[in-house]
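Asks: Sequence plus the predicted model coming up.
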Amino acid sequence: MEHNRLIAKAEIVFSMAVFGTISIFVRNIPLPSAELALCRAVIAAATLLVWQLLTRTMVRFQDIKKELPLLLLSGAASVALATLSYYFAPVLVTVASPLLFQERLTGRQMFCFVMSTLGLVLVIGVSGGAGAGDTAGVLFGLGAAVFYAAVVLCNKGIRNVTGINRTYLQFLASIAVLFPYVLLTGGFHLA
């Protein structure tokens, strides 16, 4: 049991380390952010589809039909991620979990909540010296945090869909949201 927990923790650390390198690669790609996000979702969905075909673990509609709304909502909400969301979204999840899942907050969680909120206040600045652009950026970041927290909370409600299938369906939902947006806001620039 302990061995499995160590493997799970190592997998999370590895995936977050890989995820953290995205900016190194996308910084030099001359595409609008929405189009870049769409390309990433298409590549990820295609990769997961190939994996499912190779491992014969394709998602079956009858297995997911009860949880399909949560899957689609979490996939659509994941489109709105931004840098600040990774810092404040866990705070939102901590606050929402007792209300939505009747989970009890521990002293450690309360401490982390207070420290994260304090950190956000310090990042935003309490002096009022931020310009209109800074304020808009902070508000967009907080909006992204709400969507990121929605993804986490939706995922907590999905119990009968495996991780790979869940991720695949969420990427499909992201594609469904991003494709018309990119098409209507500037088109595609893949050349």
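Replies: Arrived safely, thanks for sending. Residues are numbered from 1 along each chain as shown.
Asks: lowest-pLDDT helix or strand in this structure?
Replies: Every helix and strand in the chain was compared by mean pLDDT, DSSP states H and E; the lowest is helix 22-26, with a mean of 70.
Asks: next structured bit after that one?
Replies: helix 33-55 (DSSP states H and E).
Asks: Compute the distance from the centre of that next one to the centre of its chain.
Replies: Offset of helix 33-55 from its chain centre (C-alpha atoms, centre = their mean, to the nearest Å): 15 Å.
Asks: returning to that earlier point: ok, and what's touching the least confident helix or strand of the chain?
Replies: Under the contact criterion C-beta atoms under 8 Å, 6 or more residues apart in numbering, helix 22-26 has outside partners Leu36. All C-beta atoms are positioned from the backbone trio N, CA, C, and that covers glycine.
Asks: Could you list the buried residues of whichever helix in the chain runs longest?
Replies: Taking DSSP state H as the criterion, the chain has its longest helix at helix 132-157. Judged by neighbour count (16 or more other C-beta atoms under 10 Å), helix 132-157 contains these buried residues: 137-138, 141-142, 144-145, 147-156.
Asks: name the helices or strands packed onto that helix?
Replies: Judged by 3 or more C-beta pairs under 8 Å, 6 or more residues apart in numbering; DSSP states H and E, the packing partners of helix 132-157 are helix 68-77, helix 85-101.
Asks: for the ones you listed, which one sits closest to Met115?
Replies: Across the helices and strands packed on helix 132-157, Met115 has its closest neighbour in helix 85-101 (9.4 Å, C-beta to C-beta).
Asks: Mind giving me the packing neighbours of the closest one?
Replies: Helix 85-101 sits against helix 107-124, helix 132-157, with contacts defined as 3+ C-beta pairs under 8 Å, 6+ apart.
Asks: average pLDDT across the shortest one?
Replies: Here the mean pLDDT over helix 107-124 is 77, rounded to a whole number.
Asks: Run the angle between that helix and helix 132-157 for me.
Replies: Calculated by axes from the mean of the first three to the mean of the last three C-alpha atoms, to 10 degrees, helix 107-124 forms an angle of 160 degrees with helix 132-157.
Asks: elements contacting helix 107-124?
Replies: helix 85-101.
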